[in-house]
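Colleague: Pasting the sequence and the predicted coordinates here, then a few questions.
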Amino acid sequence: MGISTKEISEVIRERLKDFDASLVSTDVGRIVATSDGIAQIFGLQNAMAGELLEFPHETYGLALNLEEDQVRAVILGDYGHLHEGDEVRTTGRLLEVPVGEALIGRVVSPLGQPLDGKGPVKTTKTLPIEKIAPGVITRKRVDSPVQTGIKAIDAMIPIGRGQRELIIGDRFTGKTTVLLDTIINQKGKDLICVYVAIGQNAASIARATATLEENGAMDYTIIVAATASDAASLNFIAPYAGCAMGEYFMEQGKEVLCCYDDLTKQAWAYRELSLNLRRPPGREAYPGDVFYLHSRLLERAAKMSPAHGGGSLTALPVIETQANDVSAFIPTNVISITDGQIYLQSDLFNAGQRPALNVGISVSRVGGDAQTKAMRQVSGQLRLDLAQYRELAAFAQFASDLDTATRNQLERGARLTELLKQDKYQPVPLAEQVAVLYAGTQGYLDKVPVARVREWEAGFVRFLKSEQPDLLAAIEKQKALDDALFERLKAAISTFNDQFGVEADKAEAPKPDDKSAPKAQAPTAVAEPKAQAPAKVEKAQAPAKAETTEAPKPQAAPPPSGGGQGGGGPKPATPPAAKAEPKAQAPAKAEPQTQAPAKAEVEPGEERPSQLNQIRAALADPPREPKAKPAPKKPKDK
Amino acid sequence: MATAAARRYAKAVFQLAEEERNVEEWASRLTSVRALLSDPDVAAVLTNPTIPNDQRMALISDAPHILDPEATNLAKLLIESNRVGDVGAIEDEFLRLADVAAGRVRATVTTAVELTPKDRDRVENELSKRLGKEIRMHVVVDPLILGGLKVQYGDRLVDASVSTRLQQLRRRLAAS
């Protein structure tokens, strides 16, 4: 026996010595009826709205409806032992949860009781779970990013500290994975994470906890768990409790990330309570204040001004849709409250695109300002390329004879899409994201077969870590790419491409800016429609080109130096023409002169739309096209 | 608990009593009406909808030795409007109104052992001093509170019982 009975009695004696039984003076009422977790209480004339009520046997409740001669309260937790006639006392307090550093690394119930079997949570402070959100004066604009470690999100839907970014999608589309990835990626950073699980089955919560523990993420994470078997009242208060625990740190000037997984379940729980409280049902039987339910929670996400501590609380709420219906009541509500949404789709998920992000309709309304400069430098091009890819891919499915420019665009898009895939629980650090996306958007991957893109990426990251660790460190440190870093990055990519067995074609050497190439080609294609015929042949290009070296690449490198800053950065290498070479050579080679002047005129930033128009014109021009196929394309295209 | 209807009846009776300046008399009338109507056998007949209304009312008016004329009228009114079940609430509410009007407070004092008359007076005096009102004390003996006392007036409860203190102590020892 570790502890002797003497010690125990010693402890008890200590406790008894300073025990001062205070006179209890409270308001009392009596239970008239209980049903479905709701108690009707007669009396309690002076109860406050939202006051904590004490029932017999250590049970607590929350006064929600104050009526003429009774109070209706939800019972927090089990209510089977309560009977008619039981005495109910007021406590004079609003519902509070324990807060503090001791909670970090713990799994607690929405009332702050430990659920992880690691002993009591030794906290000294409590905060009310409901609190008015910080006002206008105390806030500051969102200006620094939360790195999620997910390439697609960090590049295109950046999340700022203090932002509310909704994660929405059907069941089983990887919503929780996005949250867990984000939490895992905060390892070694200054962000405290609160993961609130609402209405999930206990097994899922256990799995999430285990995942976070395995990845060492529990060192800075609090898990607030309300399982599906808990009373609706606990599911209802869980996000507020989690938010209060996060706010404690925010008020101390720390940075906090709150994940609410998910708010649909909370709305269900609140609907259940409201119907049992006899509040009138509205649309989809939700009560009238279900919008306020979520808006008052998400409003508490804030970036505080330096005068008020400078802390921040970022909210990542999750909404589960039914059959992709984002126009249901709760999804539209929360979409309108948040500063943008990340939309996950099951068909993308099933097609192997993971994370199953729909880049087209996912947005971040304020995160763009917060994005790291290095990422902004590479991601602008990515966004454009993918947008055009989607547009072309939609109608290219019907066409077999595409001109080179279109095909290049499609090839590039396919590689970029491939590049955005990543495994779960493996967040990518910022510098690696920048390096990889730079290679993708600048066309260094155009000759890597789509199926090998991920292999290339893994190899390239390994290569950078072993050969050029200082390059990664420099990007991580400077958070921006200058010309010198661009050069080093390019050189590193070229070297690795060499090792990987991909190399540039000599033909690309004279073309410093590949973007002009498709433009020049478009008219060519129109003029010589027959030359397109070979382009129809679908075949893998990589093996065919194994013999040449990529020596010319460094020459291609010097870009217009100013272009490095803007979104539409320079694309010095591996133009689409080179890729198409084996098949579509004829038109491209036939007019080398045409290409040269064309690219000279074009401003790097502005050529894209016009180029697209030309491609369309070329494809949609029936009189000039001898082939029958392009004609039906025309209506689709517009 | 008082329903809205019971409160309305009680208020009407009380206003009438005040006009006639015999609140005490009306209080005793209400008590006797309540005693009669809440008798299960009587109530079973009086609330039975298969018996015509005038027959039920006749039952009351045919027994003038039980109730005086005013009380009979009240009982008939209650039978006519199907409020027989509310008679208890009406009396409670009437007494409450009477207490408020007279500046009295009804208090329930719970102790573990019977109070001596001296202690009783002391509690009553202290309470009335503190509340600034006349106290109408109702004493209950409940051995389950072990010791000390509990005072309840209105919705307010002052709990100085030993059982509550022990409960607090248990909570203190169990926590942390």
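Modeller: Okay, I see it.

Colleague: Could you pull up the contacting residues of the closest residue to chain B within the stretch 351-500 of chain A?
Modeller: With C-beta to the nearest C-beta as the measure, A:Y425 is the residue of the stretch 351-500 of chain A nearest to chain B, at 35.7 Å. (Glycine included, C-beta is placed from N, CA and C.) Neighbouring residues of A:Y425 by C-beta atoms under 8 Å, 6 or more residues apart in numbering or on different chains: A:T177, A:L180, A:D181, A:I184, A:T211, A:N215.

Colleague: could you point out which element follows the longest strand belonging to chain A?
Modeller: Looking across chain A with DSSP state E, the single longest strand is strand A:24-35. Towards the C-terminus, the helix or strand next in line after strand A:24-35, according to DSSP states H and E, is strand A:38-43.

Colleague: strand partners of that next one, parallel vs antiparallel please.
Modeller: strand A:24-35 (antiparallel), strand A:70-76 (antiparallel) (DSSP bridges).

Colleague: Just name whatever secondary elements the following helix or strand past the shortest one is in contact with.
Modeller: In the C-terminal direction, the helix or strand that comes right after strand A:70-76 (DSSP H and E) is strand A:87-94. Counting contacts by 3 or more C-beta pairs under 8 Å, 6 or more residues apart in numbering or on different chains; DSSP states H and E, strand A:87-94 packs against strand A:24-35, strand A:38-43, strand A:51-55.

Colleague: what's the angle between the shortest one and strand A:87-94?
Modeller: Relative orientation of strand A:51-55 and strand A:87-94, computed by axes from the mean of the first three to the mean of the last three C-alpha atoms, to 10 degrees: 150 degrees.

Colleague: Excluding its own residues, what touches strand A:51-55? List them.
Modeller: A:26, A:31, A:39, A:41, A:44, A:47, A:60-63, A:71, A:73, A:75, A:82, A:86, A:88-96.

Colleague: quick one: contacts of whatever helix or strand comes next after it?
Modeller: Counting by DSSP H and E, the next helix or strand C-terminal to strand A:51-55 is strand A:59-66. With contact meaning C-beta under 8 Å, 6+ apart, strand A:59-66 is reached by A:39, A:44, A:47-55, A:71-79, A:81-82, A:88, A:95, A:111, A:233, A:237, A:273, A:277-279.

Colleague: In terms of pLDDT, where does residue 157 sit?
Modeller: No chain specified, so I'll use chain A. pLDDT recorded at A:I157 is 93.

Colleague: nope, chain B please
Modeller: Taking B:L157 on its own, its pLDDT is 88.

Colleague: Tell me if I'm right that it and A:S25 touch.
Modeller: Yes: contact criterion C-beta atoms under 8 Å: B:L157 and A:S25 qualify, at 7.1 Å.

Colleague: Look at these two and report which has more neighbours.
Modeller: For B:L157 versus A:S25, neighbours defined as other C-beta atoms under 10 Å in any protein chain shown are more numerous around B:L157 (22 against 13).

Colleague: The more buried one: which element?
Modeller: Using DSSP H and E, B:L157 falls in strand B:156-161.

Colleague: For that strand, enumerate the helices and strands it packs against.
Modeller: Looks like strand B:156-161 contacts strand A:24-35, strand B:148-153 (3+ C-beta pairs under 8 Å, 6+ apart).

Colleague: Buried ones in the first one, by neighbour count?
Modeller: If you call a residue buried by 16 or more other C-beta atoms under 10 Å in any protein chain shown, then strand A:24-35 has these buried ones: A:V24, A:T26, A:D27, A:V28, A:G29, A:R30, A:I31, A:V32, A:T34.

Colleague: Can you lay out those residues as JSON lines showing distance to A:L437 and pLDDT?
Modeller: Output for those, formatted as JSON lines (distance: C-beta to C-beta, whole Å; pLDDT from 0 to 100):
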{"residue": "A:V24", "distance to A:L437": "64", "pLDDT": "74"}
{"residue": "A:T26", "distance to A:L437": "62", "pLDDT": "85"}
{"residue": "A:D27", "distance to A:L437": "63", "pLDDT": "88"}
{"residue": "A:V28", "distance to A:L437": "65", "pLDDT": "90"}
{"residue": "A:G29", "distance to A:L437": "63", "pLDDT": "91"}
{"residue": "A:R30", "distance to A:L437": "66", "pLDDT": "91"}
{"residue": "A:I31", "distance to A:L437": "62", "pLDDT": "93"}
{"residue": "A:V32", "distance to A:L437": "64", "pLDDT": "91"}
{"residue": "A:T34", "distance to A:L437": "58", "pLDDT": "91"}
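
Colleague: can you list the weak-confidence ranges in the chain?
Modeller: Just so you know, I chose chain A. Low-confidence segments of chain A, defined by pLDDT under 70, are located at A:1-3, A:20-22, A:399, A:503-638.

Colleague: Chain B was what I was after
Modeller: B:1-2, B:64, B:175-176.

Colleague: Run the chain-centre distance for the one helix or strand A:V196 maps to.
Modeller: Element membership of A:V196, judged by DSSP H and E, is strand A:191-200. On the basis of C-alpha atoms, centre = their mean, to the nearest Å, strand A:191-200 sits 15 Å off its chain's mean C-alpha point.

Colleague: so what strands line up beside it?
Modeller: Here, using DSSP bridges, strand A:191-200 pairs with strand A:221-227 (parallel), strand A:255-261 (parallel).

Colleague: Which elements pack onto the lengthiest helix in chain A?
Modeller: The longest helix of chain A (DSSP state H) is helix A:373-396. With contacts taken as 3+ C-beta pairs under 8 Å, 6+ apart, helix A:373-396 sits against helix A:151-156, helix A:404-419, helix A:430-441, helix A:607-620, helix A:630-637.

Colleague: Please produce CSV containing the strands paired with strand A:38-43, extended by distance to B:D142.
Modeller: Below are the strands paired with strand A:38-43 laid out as CSV (distance: least, C-beta to C-beta, whole Å):
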stretch, distance to B:D142
strand A:24-35, 15
strand A:70-76, 25
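
Colleague: Test my guess that A:P239 contacts A:I198.
Modeller: Yes: in this structure, A:P239 is within contact of A:I198 by C-beta under 8 Å, at 6.4 Å.

Colleague: Kindly report the residues of chain B close to chain A.
Modeller: B:1-2, B:4, B:152, B:154-160, B:164-165, B:168-169, B:171-173, B:175-176 (C-beta under 8 Å from any C-beta of the partner chain).

Colleague: and B:P117, how many residues sit next to it?
Modeller: B:P117: 8 neighbours (other C-beta under 10 Å).
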